[in-house]
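**Student:** Return a 3D structure for these sequence lines:
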Amino acid sequence: MKRDKTILENWLFQLGDTPECLKNGRMVRLPHTWNVEDGSEEYWGTGWYQHELSIPSDWREKRIWVHFGAVYHHAVIYLNGIEVGKHAHSGYTSFTVELTPHIRPGAVNLLMVKVSNAFSAEMLPYRRSFDWANDGGLIREVSLYTTGRHALQTAQVTAQPVIPSLGERREEGAGRWGLEVTADGPETGELSLSWELYGGPEGAAAPLLQGSVPCAAGRAAAAQELPFVRYWHFDSPTLYTVKIALKSREGVEDTIFIPFGFRDFHVEGNRFYLNGEAVRICGTEWMPGSNPDYGMAEPKEQLEKMLVRLKESNCVFTRFHWQQDDFVYDWCDQHGMLVQEEVPFWGRDPEVPGEQQL
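**Tutor:** From the prediction side, this is the model:
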C-alpha cells in the first residue's frame, strides 16, 4: 500500500470559546491565520476549524491518519465529537493523529480542531514580552492518508561521505549509508522492511541498490558501504531517494519516499568545511512569516518566491528562528542552500514524535 495523501484544503472556521461558534462560521482555505484579517489582528484566544471527511466504505480494513504541518500554538483534535489527539506548546512542529478507532466508513465524519494562540508563561512568546509573530490558526498544510494494519512511525536516513582528510574539495567517492525505522501495529514481529535506493530527488526508473531486513519488535535498520556516490554541494546539489516499504504476510502495509544527499560538515578552529573543503558561505537571515499579507500562514508559492530571491542574490546559506514546512527544506536541498535553524525551547517536549522522519 502506497501512502497517498489527500490535502484537506477548505475548512469551516470561526473564532470563539466553544464549537457552537461554528454555526456562524465561514469557509477558509489553508494555510490560514486569523491574525492577518481585519478585526482579529490582535485576537489572542481560541478559534475552531471543521472539515467534513467522506470516508469510503472500502476503507474499513485500513488505518486512517491526519497529518498537520503546524498548528499555532495549541491544538486539540476531535472526530465526531470525541477527542482523538492534541499538540501543545509546539506551534511550528508537525504531528500526526490516528483517526481509525472513531472513524465511520461509508459516512460523513466531522473533523474539528480547537486552536489557541493565547499568551502563556509556559512557552515563547513569554506572555506578551516577545517580538515574534503570534499568529494563531492552521498555519500549514493538513492532509489525510491511509496505511495497512501496520504503519511506519519514524524513518531516519544517514548519508555520510568518506572524507580521509581536510583541505581539498571532494565531489564524489565512497559513502556510508544507513536507515533506521520504527513501526507499529499488531504482531510487529512478523514484519519486514524492504528498501530501494535511487538517484535523484524523485527517484529513477531502476534502483541503484536494494535490500530487505526483518522488522523485529517494530524496529529495523540497514547499513551499507557504497564504493561510489556523488556528494551534495551547494554548487552541485546531488540528491538520492530511498523508497521504504513495510511488509507483512498480507503484503505491503506502508510505503514512503525520503530524498537525501551525501554531505559532511566539519568545523575546525574558525573554518567551516563542506566535504573536506574549507568554504566561506554567503547567506542572509530570512524570517518566514514577516509578510503582513500572510503572516505565519504563507502559501508555498510565497515561500518559493522568497527562496528564489535568496538564490538569485548568490546566497547559499540562510537561517531561520523556528522549524519550517518540509517544502522549505526540500527546496533548499534541491537548489543548493544550507540552512541553520535556531529551535526555541518550548518548555516541554512535543506530545507526538516530530520530524525528519516521515
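
**Student:** and T182, how far is that from T93?
**Tutor:** Distance, T182 to T93, by CB to CB, to the nearest Å: 18 Å. Yep, even glycine has a C-beta here, placed from its N, CA and C like the rest.

**Student:** And K311, by the same measure?
**Tutor:** 26 Å.

**Student:** For Y78, give me its contacts.
**Tutor:** Y78 sits next to 19, 84, 110-114 when contact means CB atoms under 8 Å, 6 or more residues apart in numbering.

**Student:** Pretty sure it sits in a helix.
**Tutor:** No: Y78 is assigned strand when assessed by DSSP: H, G, I helix; E, B strand; the rest coil, not a helix.

**Student:** contacts for the lengthiest helix in the chain?
**Tutor:** In the chain, taking DSSP state H as the definition, the longest helix is helix 300-312. By CB under 8 Å, 6+ apart, the surrounding residues in contact with helix 300-312 are 284, 286, 288, 291, 294, 318, 325, 327-328, 331-332, 335-337.

**Student:** Could you give me the buried positions within the helix or strand just after that helix?
**Tutor:** Next helix or strand after helix 300-312 toward the C-terminus (DSSP states H and E): strand 317-320. Neighbour counts over strand 317-320 (16 or more other CB atoms under 10 Å) mark 317-318, 320 as buried.

**Student:** how many other residues sit next to R176?
**Tutor:** 15 (other CB atoms under 10 Å).

**Student:** hang on, it packs against P227?
**Tutor:** No: assessed by CB atoms under 8 Å, R176 is found out of contact with P227, at 11.1 Å.

**Student:** so where's the stretch 51-200 of the chain uncertain?
**Tutor:** Within the stretch 51-200 of the chain, the stretches with pLDDT under 70 are 124-125, 129-131, 188.

**Student:** let's see it at 80
**Tutor:** 122-132, 187-189 (pLDDT under 80).

**Student:** what would the contacts of Y78 look like in TSV with distance to S236?
**Tutor:** Putting the contacts of Y78 into TSV (distance: CB to CB, whole Å) gives the following:
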residue	distance to S236
P19	52
V84	45
L110	49
L111	44
M112	47
V113	42
K114	47
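
**Student:** out of these, which is most surrounded?
**Tutor:** V113 leads these on contacts (other CB under 10 Å) with 25 neighbours.

**Student:** these two touch, right, that one and H74?
**Tutor:** No: the pair V113 / H74 is not scored as a contact, 10.4 Å apart, by CB under 8 Å.

**Student:** That'll do, ta.
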